[in-house]
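**Q** 3D model of this:
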Amino acid sequence: VWVCVQGAFGALTVTWKLYPAIVTLHLLGAVLLLAMLCVQAVRYQQVAQQRLPAPIAPGLRVLLAWALALLVLQIALGGWVSTNYAVLACTEFPGCQGSWWPPMNFRQAFEIWRELGVDSAGAPVEFAALTAIHYTHRLAAYVAFAVLIWLVVRLHRVPALRQQARWLGGLALLQLATGLGNVLLGWPLAAAVLH
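**A** Sure thing, here's the model as predicted:
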């Protein structure tokens with residue numbers, strides 16, 4: 001069923017000429033599909049090996065929920081950067097456009113239901129809006145990365161989850177490295193695709 005929903009979003013992506021909200025929802029749907037397939041694979045493996053899921057303390061469960069919420073938000077923000085072509089709004093690190101807080105138009109940046117490149121009134125999206133999109137993704141990345149690393153530390157304390165902790169830590173570091181590499185190296189294709 002979800003594959004069919006994804007197919008419908010794919011069709012809308014093309015027929016609505018890359019409407020940013022539709023393209024971002026299509027990305028989030030693909031991530032959800034991947035997550036569902038991973039859960040299914042883990043459950044099959046647990047049954048085949050006759051293993052029970054590792055017990056997780058209530059505090060760690062809350063941290064997992066926060067980390068997941070931040071990760072989904074960060075993926076959505078990254079999709080919003082990509083679908084609005086806001087990648088080149090900030091081409092330096094750690095600042096942006098020679099400033100720690102460049103001119104930004106958040107109202108126009110996060111006007112969700114609009115065509116590509118224009119606001120709902122048909123006016124072109126300002127560069128300050130593209131900057132707000134890019135910089136919001138960057139600022140949220142700091143928070144998401146910190147929470148993911150804290151989660152890695154907590155998961156590593158559970159013997160049955162040490163391998164998953166290492167994978168999560170490695171993937172978080174890869175995202176950080178490719179994100180920084182994209183900005184500092186001028187968006188090489190391999191790093192951009194990997195990110």
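
**Q** Name the residues that touch the helix or strand bottoming out on mean pLDDT in the chain?
**A** Sorting the helices and strands of the chain by mean pLDDT, DSSP states H and E puts helix 189-194 at the bottom, at a mean of 87. Applying C-beta atoms under 8 Å, 6 or more residues apart in numbering, the contact partners of helix 189-194 are Val87, Leu174, Thr178, Gly181, Asn182, Leu185. The C-beta positions use only the backbone N, C-alpha and C, and glycine is treated the same way.

**Q** same deal with stretch 85-96?
**A** 80-81, 97-98, 100, 102, 117, 127, 130-131, 133-135, 138, 180, 182-184, 186-187, 192.

**Q** out of those residues, which are buried?
**A** The neighbour-count test (16 or more other C-beta atoms under 10 Å) marks 80-81, 97, 102, 127, 130-131, 133-135, 138, 180, 182-183, 192 as buried among the contacts of stretch 85-96.

**Q** Can you pick out the most distant pair from those residues?
**A** The widest separation within those, taken as C-beta to C-beta, falls between Phe127 and Leu180 and amounts to 22.6 Å.

**Q** Point to the residue nearest the middle of the protein.
**A** Ile75 (1.5 Å; C-alpha atoms, centre = their mean).

**Q** Helix or strand: which one has that residue?
**A** In the assignment (DSSP states H and E), Ile75 maps to helix 58-83.

**Q** for Thr136, same thing?
**A** Assigned by DSSP H and E, Thr136 falls in helix 127-156.
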